[in-house]
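> Take this sequence and fold it.
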Amino acid sequence: MYTNLKSTNKVIVNHAKKEYVNGNTSTNCIENFLGSLKRGIIGIYRVVSSKHLQKYIFELVFRYNTGKMSSSEIFIYLLSNVKGCNDLFKIL
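Have a look, this model is predicted:
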């Protein structure tokens, strides 16, 4: 799937061979995130349209990346990264 990526530090974890960790490399982080994404869509939103799916994913990525921050740190981080919102309700 990702055979064309150019990286000198590429390490493979082969689940077909019952390998789940290869040195310091594992799939735990991505599996944790995908589980959170699935629970977020099923538990929070219930119905997700394909038109807005990327926006739901962006929100869950934000939640995942700021999970260990305090509420005030999250607020400051959010405000420092706002660059202008072009999504008007009429457009949606």
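> All the helices of this protein, in order from the start?
For the chain, the helices defined by DSSP state H cover 28-40, 53-65, 71-80.
> Name the residues of the first one that come out as buried.
Of the residues in helix 28-40, those buried under the neighbour-count criterion (16 or more other C-beta atoms under 10 Å) are Leu37, Gly40. The way it works is simple: take the backbone N, C-alpha and C, and place the C-beta from them, glycine included.
> what's it in contact with?
The contact list for helix 28-40, computed with C-beta atoms under 8 Å, 6 or more residues apart in numbering, reads Tyr56, Ile57, Leu60, Arg63, Tyr64.
> just the buried members of these?
Buried residues within these, counting neighbours by 16+ other C-beta under 10 Å: Tyr56, Leu60.
> which one of the contacts of helix 28-40 is nearest Lys17?
Nearest to Lys17 among the contacts of helix 28-40, counting by C-beta to C-beta, is Tyr64 at 29.1 Å.
> what's the pLDDT at the closest one?
pLDDT, Tyr64: 85.
> Take the helices of the chain and lay them out in JSON lines including distance to Ala16.
Shown next, in JSON lines, are these (distance: least, C-beta to C-beta, whole Å):
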{"stretch": "helix 28-40", "distance to Ala16": "16"}
{"stretch": "helix 53-65", "distance to Ala16": "28"}
{"stretch": "helix 71-80", "distance to Ala16": "40"}
